[in-house]
Each structure stands twice: as structure tokens, then as C-alpha cells.
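A.B. asks: my questions concern the predicted model and sequence given below.
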Amino acid sequence: MDAINVEGLTGVKDFCFGLTPRSPKVIDLTHSTKLEFIMLTNLVQLERVILPVEAPIQMLDISGTNQLSAAAVDEIINALYASVVEHNQQNGYFIVYANWMDGATSSDTHDMVGPPSSGSLTKLRELRDTYHWTIMPDLL
């Protein structure tokens, strides 16, 4: 699959897509303003995810092999942060292991997709400390 159009999925709450050797380069979820649960794991060709700030996101997983640059991860974190603040969304999850299998291991050394910039790490710390989000891996 080289492209996906989810523009018509305006009422979807859960969006899961992953573990595939071919994937779209861009997934634009801006029209899915009711999203709560997003799982985009191991999408090898993925370069960009566009999230709707209006959505009350409770869980976001972008783990695994992908082509997300540090700037693309920062864009995701900025949108997630804005969504959490706008909805005062407490106790969520952001999973961003560089290897989607890392969550199953007990090792203390895990890399993050991207990795995020220092500004984005500050936002993740605020999500963790103020909004009680679980950030995995916790490299903050």
C-alpha cells in the first residue's frame, strides 16, 4: 500500500495500522476529530503523521521501524501536546520505541523514534508530570 485516504473517517475513535513492509509515506488524520486511540506500529515507509488537535487522544503508538525524522516526530508531539492540553486529557499513553518489540523487553536502554528535539522532550515531560501520561520509553 503506497497511499491511504481516511478523510471520510470523521467519526472513527480507534485507528490501528501497522506491521507491514509497505506503507503510506503520509497518514493524514486531521479529519478524524474523534480519535482516542492511534496505533501506527512498524510502518516501514512512514515519513509523516498529521494529527487532529481537536481529537481527545488518549493513546498514541508510533513505535517501530519507520522513516519519521526528528522534525516529523516533533510535529506529532506538538499536535499530541496541544490535544492533551485542549482536552485536559489525563492518564494517556505515548509509545515511541524505535523498535516496536522493545516494549516486551526489560532492558533499560531503548531508543526513541526520531528522536524528539529537546523542546519536544520538555513537552513530553509536561505530559508525564502534569497530565500523568505514560511515555514509553521513559528517557526523560
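C.D. replies: Now that the structure is in, tell me what you want to look at.
A.B. asks: flag the shaky bits of this protein, pLDDT-wise.
C.D. replies: Along the chain, segments meeting pLDDT under 70 span 99-112, 139-140.
A.B. asks: quick one: the helices in it, in order.
C.D. replies: Per DSSP state H, the chain carries helices over the ranges 70-87, 118-130.
A.B. asks: any idea which of those helices is most buried?
C.D. replies: Mean neighbour count, computed with mean count of other Cβ atoms under 10 Å, is highest for helix 70-87 among the helices of the chain, reaching a mean of 19. (C-beta placed from N, C-alpha, C; glycine too.)
A.B. asks: ok, Asp138 - how many residues close by?
C.D. replies: As a burial measure, Asp138 scores 11 neighbours (other Cβ atoms under 10 Å).
A.B. asks: actually Val12, not the one I typed
C.D. replies: By other Cβ under 10 Å, the residues close to Val12 number 18.
A.B. asks: and it, how far from Thr65?
C.D. replies: Val12 is 25 Å from Thr65, where distance means Cβ to Cβ, to the nearest Å.
A.B. asks: ok so, going back, Throw the helices of the chain into JSON lines and include distance to Pro21, thanks.
C.D. replies: Below are the helices of the chain laid out as JSON lines (distance: least, Cβ to Cβ, whole Å):
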{"stretch": "helix 70-87", "distance to Pro21": "20"}
{"stretch": "helix 118-130", "distance to Pro21": "28"}
